[in-house]
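K.L.:
got a predicted model here, sequence first, then my questions.
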Amino acid sequence: MSKIMTVDVLSSIKGAQPSETVNKLFEVIKNANLTNNNSFNNNHNNSVSLNELRDDIVIPSSDLEKQIIIENFPKEKNGYLVVSKVIEE
Amino acid sequence: MDSQIHKIHQQLVNQDITCTALVQSKLDALKPNTNHTVNALLEEKALELAAKVDAKIANGETIGLLEGIPFGIKDVYMVQGTLTTASSELLKNYKSAYTATAIQKLLDAGAIPLVKENCDSFGHGSSSENTIFGAVKNAINPDLVGGGSSGGSAVNVAKDYTVFSIGGDTGGSIRQPAGYNNVYGLKPTYGRVSRYGLMAYASSTDCVGPIAKSIEDIRIVLNVMSGKDVKDQTTYASAEITPEAIKSSDTIKTVGYFKNFIESDAIDSEIKADFLAAIEKIKAKGIAVKALDFFESNTLVSTYYTLAMAETASNLSRLDGTNYGNRIEAENLKETYAVTRSENFSEETKRRIVGGNQVLSQGFSDEIYLKGLNLRDQISENFEKDFNEVDIILSPVTPSTPPKIGDSLKDPLAMYLSDAYTVGFSLGQLPTLTVPQGTATGLQITAAKNNDELVLKFANFLKDTI
């Protein structure tokens, strides 16, 4: 997206502004000294090997699970989820 | 204190008490709820499960060690059919469709869930004041905060409302409230316990862990929850920790501590003096003590919050009133999302989402987010070097004692800095245990990755030493 987006738009929070307190935290990072610029993201210990990927299988939900999921949707009409009007832009 | 789990198990087996009476007494204690620890009581289910345990005992059947033991669950865990609110306005009516792996393992072992516990909304806070259910009051002094974000869980254990509780620790959310309420709280090695069914805050540091009154109870609950889970591919297989393995501390020869934590101007003078006195007692037992260099507290806190905010902005983007939560309708979908999120998130959560989107956005990501990732790697490398020289790192849990209720909300920076001693170990994904000894808010014991056993071993040593 070429358009510059403000933080309130990025965050979907009306009128949100950056916080002074949080900016102080970011300043510390900006000014921190890195001893090694090449060490970006070396911490790969939690990555999953290809051999360990789980099987791509469909596990059906139980009836109770389905019922609770339906209960959680705030708006329902004739058994369907009601979505707000789609943005036209 | 001795193991509460063993004691209650024996009472049940000997039929000195019934499980129903035990569960009812805990529910009766939780109901008045003057410490604001309860988001929802699971009364009906708990009594139904207790009756089954009683029937089993009456039939002469053997029961497992955790069978019939009442416990509490921080309200960020999915437990099928229960409200899982994350103490937030947005999810106050949200019902879990499934059960978190860690909780399911406890249920399979026969433990009885009593309560969904109050906490900072989405884990965002270090005081458990950032909640729609009222600020959690400290178990020792109700004018003070319960600590966060697993405040309700720590207070329930401290007040004996639950035998143990399951908290969640991202930057210190188990260890800090455990310290504020004088109980044990463990953040296991990242990946030892499955995060499946824990509401995601910052996925790279979120950990499931127990809070209890004894090392033995921490050990029992940790063993049950640990293990590889196909539903969380960051989990790994771990060996069971036996009671014998943590009895003797002969293998621990050297303990380290970070100089800059103790020499800092920010540390309370009493906590500093108590910490140094604890160090002297350890030396007197013939263990070598080494002062270590580490990153400045400000760098640790800033690195942690930068990464945690980036992850929470991403994780919470699904909470928009359409996928999850209370929707507030507006003229179109975009406005609906914006109004829903503006009205339903707390100020602290919004501050973190906005901060996270700032660092992930063009122009900021290189100089802040990517640099933060780089700093995290350096912090991890630093730990690896340290653990070539020392077996254990000891530190205070917090630089000061718990604040009064209301103070943290007025000063977010002070709240972030109260995590100065806990966040570093989270970034390193290291096992760290709060023990209720040594200073007013306890001590933290840390070992290298996957050395949770060593942490418990040293805790047993400290129990007899200071």
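P.N.:
Perfect, thanks for sending it.
K.L.:
for the longest helix seen in chain A, which helices and strands make contact with it?
P.N.:
In chain A, assigned by DSSP state H, the helix with the most residues is helix A:20-31. For helix A:20-31, the packing partners by 3 or more C-beta pairs under 8 Å, 6 or more residues apart in numbering or on different chains; DSSP states H and E come out as helix B:297-315, helix B:347-360, helix B:371-389, helix B:412-417. In short, each C-beta sits where N, CA and C put it, glycine included.
K.L.:
got those helices as JSON lines, with mean neighbour count columns?
P.N.:
Listed next are the helices and strands packed on helix A:20-31 as JSON lines, based on neighbours: other C-beta atoms under 10 Å in any protein chain shown:
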{"stretch": "helix B:297-315", "mean neighbour count": "24"}
{"stretch": "helix B:347-360", "mean neighbour count": "24"}
{"stretch": "helix B:371-389", "mean neighbour count": "19"}
{"stretch": "helix B:412-417", "mean neighbour count": "19"}
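K.L.:
can you redo these as a markdown table with mean pLDDT and distance to B:Ile69?
P.N.:
Shown next, in a markdown table, are those (pLDDT from 0 to 100; distance: least, C-beta to C-beta, whole Å):
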| stretch | mean pLDDT | distance to B:Ile69 |
| --- | --- | --- |
| helix B:297-315 | 97 | 32 |
| helix B:347-360 | 96 | 33 |
| helix B:371-389 | 95 | 34 |
| helix B:412-417 | 90 | 34 |
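K.L.:
how about those in JSON lines, adding distance to B:Ser127?
P.N.:
Formatted as JSON lines, those follow (distance: least, C-beta to C-beta, whole Å):
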{"stretch": "helix B:297-315", "distance to B:Ser127": "15"}
{"stretch": "helix B:347-360", "distance to B:Ser127": "10"}
{"stretch": "helix B:371-389", "distance to B:Ser127": "24"}
{"stretch": "helix B:412-417", "distance to B:Ser127": "6"}
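K.L.:
the residue in the stretch 1-150 of chain B positioned nearest to chain A - how many residues pack around it?
P.N.:
Closest approach between the stretch 1-150 of chain B and chain A, counting by C-beta to the nearest C-beta: B:Ala97, at 4.1 Å. Other residues lying near B:Ala97 total 20 when counted by other C-beta atoms under 10 Å in any protein chain shown.
K.L.:
show me what contacts B:Val339?
P.N.:
A:14, B:328, B:330 (C-beta atoms under 8 Å, 6 or more residues apart in numbering or on different chains).
K.L.:
now do the first one, the pLDDT please.
P.N.:
Reading off the confidence values, A:Lys14 has pLDDT 95.
K.L.:
what's it in contact with, if anything?
P.N.:
Counting by C-beta under 8 Å, 6+ apart, A:Lys14 touches A:8, B:338-339, B:342.
K.L.:
ok, now which ones touch B:Asp320?
P.N.:
B:Asp320 touches A:12, B:336-337, B:340-341, counting by C-beta under 8 Å, 6+ apart.
K.L.:
tell me the secondary structure of it, please.
P.N.:
coil (DSSP: H, G, I helix; E, B strand; the rest coil).
K.L.:
gap between the residue nearest the centre of chain A and chain B?
P.N.:
Taking C-alpha atoms, centre = their mean, the centroid of chain A lies closest to A:Ser11, which sits 10.4 Å from it. From A:Ser11 over to chain B the distance is 5 Å, taken as C-beta to the nearest C-beta, to the nearest Å.
K.L.:
does that residue touch B:Thr312 like I think?
P.N.:
No. If you go by C-beta atoms under 8 Å, A:Ser11 and B:Thr312 don't touch, sitting 10.9 Å apart.
K.L.:
separation between the spatially most central residue of chain B and chain A?
P.N.:
Note on chain B: the residue nearest the mean C-alpha position is B:Ile174, at 2.3 Å, using C-alpha atoms, centre = their mean. Counting by C-beta to the nearest C-beta, the gap from B:Ile174 to chain A is 20 Å.
K.L.:
quick one: residues contacting that residue.
P.N.:
Counting by C-beta under 8 Å, 6+ apart, B:Ile174 makes contact with B:150, B:153-154, B:167-168, B:185-187, B:207, B:209, B:211, B:434.
K.L.:
any idea how far it lies from B:Cys207?
P.N.:
B:Ile174 sits 8 Å away from B:Cys207, taking C-beta to C-beta, to the nearest Å as the criterion.
K.L.:
if we can go back for a sec, what residues do A:Ser11 and B:Thr312 have in common as contacts?
P.N.:
Here A:Ser11 and B:Thr312 share the contacting residues B:Ile353, scored by C-beta under 8 Å, 6+ apart.
K.L.:
quick one: name the residues of the stretch 201-350 of chain B near chain A.
P.N.:
B:204, B:230, B:233-234, B:298-299, B:301-303, B:305-306, B:309, B:313, B:317, B:320-322, B:324-327, B:329-334, B:336-339, B:341-342, B:345, B:350 (C-beta under 8 Å from any C-beta of the partner chain).
K.L.:
count the neighbours of B:Leu106 for me.
P.N.:
23.
K.L.:
with B:Ala239 instead?
P.N.:
Quick note: B:Ala239 (other C-beta under 10 Å) scores 11 neighbours.
K.L.:
next one: A:Asn33
P.N.:
7.
K.L.:
rewinding a little: hey, what's the angle from the longest helix of chain A to helix B:297-315? Just curious.
P.N.:
110 degrees (axes from the mean of the first three to the mean of the last three C-alpha atoms, to 10 degrees).
K.L.:
wait, B:Gly356 sits on B:Leu307?
P.N.:
No. Assessed by C-beta under 8 Å, B:Gly356 is found out of contact with B:Leu307, at 9.1 Å.
K.L.:
what about B:Gly72, which SS state?
P.N.:
The three-state assignment at B:Gly72 reads strand, by three-state DSSP.
K.L.:
quick one: pLDDT of it?
P.N.:
98.
K.L.:
got a list of what it touches?
P.N.:
By C-beta under 8 Å, 6+ apart, the neighbours of B:Gly72 are B:37, B:113-117, B:152-153, B:156-157, B:161-162, B:164-166.
K.L.:
over to B:Val221?
P.N.:
Residues in contact with B:Val221 (C-beta under 8 Å, 6+ apart) are B:5, B:66, B:106, B:164, B:166, B:210, B:212.
K.L.:
likewise B:Met225?
P.N.:
When contacts are counted by C-beta under 8 Å, 6+ apart, B:Met225 is found next to B:102, B:105-106, B:166, B:193-194, B:208, B:210.
K.L.:
B:Gly197 now?
P.N.:
Counting by C-beta under 8 Å, 6+ apart, B:Gly197 has contacts B:77-78, B:96, B:98-104.
K.L.:
narrow those residues to those in strands?
P.N.:
When DSSP state E is applied, the contacts of B:Gly197 are split such that none fall in strands.
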